[in-house]
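Trainee: quick one, structure for this:
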Amino acid sequence: MNLDDLISENADIEERLADPAVHADQALARRLGKRYAQLRPIVEAYRELKGTLDDLATARELAGEDSAFAAEAADLEKRQGELEERLRHLLVPRDPNDDKDTILEIKAGEGGEESALFAGDLLRMYLRYAERSGWKTEIIDAHPSDLGGYKDVTVGVKARGGPDEEGVWTRLKFEGGVHRVQRVPATESQGRIHTSAVGVLVTPEAEDVDVQIDPNDLRIDVYRSSGPGGQSVNTTDSAVRVTHVPTGVVASCQNEKSQLQNKEQALRILRSRLLAIAQEEADAAASAERRSQVRTVDRSERVRTYNYPENRISDHRVGYKAYNLDQVLDGDLHNVTQALVDADMERRLAEAQAS
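Mentor: Residues are numbered from 1 along each chain as shown. From the prediction side, this is the model:
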């Protein structure tokens with residue numbers, strides 16, 4: 001879609017949003033509002049560029065009569081370049097999921113109990129980062145370990161919903177992969193540094209319109225919850241496992257008190273996993289080169305290392321390195337994610353120029 005089409009689409013959405021009948025359908029109004037928020041920066045930059053070009057033409061005409069206009073023309077030429085660069089970035093094709101909320105799963109891997117403890121540390125890091133970012137979080141499902149860590153834990157992360165708010169997926173989509181920790185475990189009596197690994201899986205949260213699930217394709221199993229919890233845990237068959245038979249994708253939940261609540265949460269996880277699979281297949285069919293950065297990461301390889309003795313964090317995909325690991329684990333993750341966002345933008349700019 002070219003710039004003129006986007007300007008026209010923006011005007012059409014603006015007109016529709018002024019119609020009270022549109023707001024009677026909250027889902028439609030929300031969808032139009034999100035698209036309007038996406039288009040507005042492009043339209044504003046275009047209008048400012050157009051005004052700058054008009055002013056520049058006038059300044060050049062008058063430059064021969066007054067030297068002050070020559071200086072103004074030089075400033076306007078600089079501003080023209082800045083606005084053209086800004087438009088170039090804004091017109092790069094977006095990830096269609098950037099406005100979506102996210103489901104984040106953290107799973108202990110190699111390293112036994114130490115890996116489970118680090119899974120707990122990563123959970124705290126993401127919860128604090130979400131708090132700093134003004135996002136809402138909820139623990140959807142959790143399986144604690146004996147020493148206070150997590151064998152696996154699933155978290156929903158949602159934006160507050162402001163029209164200009166950056167989507168959760170925009171930042172968290174790069175967290176998927178194997179996270180490696182180097183430190184002296186609490187269980188280590190001789191002070192030796194151990195290396196453990198934790199897997200992080202990030203999927204955009206699917207809405208009902210994104211994934212249509214035929215109830216006949218589902219197998220629902222109920223079982224007794226395990227682990228610490230309230231009175232209903234270990235006494236009733238409230239835990240739920242949902243299997244999507246055509247794909248074999250499984251989601252389970254035991255965190256809620258009722259079987260119905262657990263079923264709803266398991267279906268929520270299942271929808272997000274099916275959406276991720278569908279998009280990966282679509283990406284592969286369209287072009288192997290255009291897969292997103294996170295989906296090209298081999299999950300058997302580390303994406304990030306957390307080195308406690310050196311207070312160092314390293315992201316191996318973009319060469320990012322900093323010595324403020326303590327602050328990052330306390331939720332100060334912005335610079336790390338920004339390095340990945342910037343690298344992804346450069347990649348997409350290069351693809352846009354090559355096409």
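Trainee: the helix or strand containing Leu274 - what's its average pLDDT?
Mentor: Secondary structure assignment for Leu274, by DSSP states H and E: helix 259-286. The pLDDT scores in helix 259-286 average 81.
Trainee: which neighbouring elements make contact with that helix?
Mentor: Counting contacts by 3 or more Cβ pairs under 8 Å, 6 or more residues apart in numbering; DSSP states H and E, helix 259-286 packs against strand 102-108, strand 136-144, strand 194-204, strand 239-244, strand 249-253. C-beta: built from backbone N, CA, C; applies to glycine.
Trainee: mind listing what Gln80 touches?
Mentor: If a contact means Cβ atoms under 8 Å, 6 or more residues apart in numbering, then Gln80 has Leu49, Thr52, Leu53, Leu56 as its contacts.
Trainee: same question but for Asp54, I mixed them up
Mentor: So Asp54 contacts nothing (Cβ under 8 Å, 6+ apart).
Trainee: sec struct for it, please.
Mentor: Three-state assignment for Asp54 (DSSP: H, G, I helix; E, B strand; the rest coil): helix.
Trainee: how much space separates it from Glu65?
Mentor: Separation of Asp54 from Glu65 (Cβ to Cβ, to the nearest Å) stands at 18 Å.
Trainee: one more: Gln279?
Mentor: The separation that Gln279 has from Glu65, given Cβ to Cβ, amounts to 59 Å.
Trainee: neighbour count for those two, which is higher?
Mentor: Gln279 (20 against 9; other Cβ atoms under 10 Å).
Trainee: leaving out chain neighbours, which residue sits closest to that one?
Mentor: Distances taken as Cβ to Cβ, 6 or more residues apart in numbering place Asn97 nearest to Gln279, at 7.5 Å, with adjacent residues excluded.
Trainee: was I right about that neighbour contacting Thr203?
Mentor: No: counting by Cβ atoms under 8 Å, Asn97 stays clear of Thr203, with 9.2 Å between them.
Trainee: hmm, back to that, pLDDT added to the contacts of Gln80, as TSV?
Mentor: Output for those, formatted as TSV (pLDDT from 0 to 100):
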residue	pLDDT
Leu49	94
Thr52	94
Leu53	94
Leu56	93
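Trainee: low-confidence ranges in the stretch 201-350 of the chain?
Mentor: Along the stretch 201-350 of the chain, segments meeting pLDDT under 70 span 207-210, 226-236, 282-301.
Trainee: confidence score at the residue of the chain positioned farthest from its centre?
Mentor: Residue farthest from the centre of the chain, counting by Cα atoms, centre = their mean, is Glu65 at 54.8 Å. On the pLDDT scale, Glu65 is placed at 83.
Trainee: wasn't it part of a helix?
Mentor: No: Glu65: not assigned to a helix; according to three-state DSSP it is coil.
Trainee: list the residues that contact it.
Mentor: By Cβ under 8 Å, 6+ apart, the contact set of Glu65 is empty.
Trainee: okay, it and Glu205: tell me how far apart.
Mentor: In terms of Cβ to Cβ, Glu65 sits 61 Å off from Glu205.
Trainee: swap in Gln26?
Mentor: Using Cβ to Cβ, we find Gln26 at a distance of 18 Å from Glu205.
Trainee: tell me which of those two has more neighbours.
Mentor: Glu205 (21 against 9).
Trainee: quick check, that one in contact with Asp101.
Mentor: Yes: using Cβ under 8 Å, Glu205 makes contact with Asp101 at a distance of 4.3 Å.
Trainee: can you list the residues that contact stretch 323-343?
Mentor: Against stretch 323-343 from outside (Cβ under 8 Å, 6+ apart): 121, 124-132, 170-172, 174-175, 293, 304, 306-308, 310-313, 315, 317-318, 320, 322.
Trainee: ChimeraX command to pick out the buried ones of those?
Mentor: Per 16 or more other Cβ atoms under 10 Å, the buried members of the contacts of stretch 323-343 correspond to this ChimeraX selection:
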select :121,125,126,127,128,129,130,170,171,172,174,175,293,304,306,307,312,313,315,317,318,320,322
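Trainee: now do the buried residues in stretch 202-218.
Mentor: Those would be Val202, Thr203, Pro204, Glu205, Ala206, Asp210, Val211, Ile213, Leu218, for stretch 202-218 by 16+ other Cβ under 10 Å.
Trainee: now do the first one against Asn97, distance only.
Mentor: Think Val202. For Val202, the distance to Asn97 - Cβ to Cβ - is 10 Å.
Trainee: what do these two both touch?
Mentor: What both Val202 and Asn97 touch, as defined by Cβ under 8 Å, 6+ apart, is the set Lys173.
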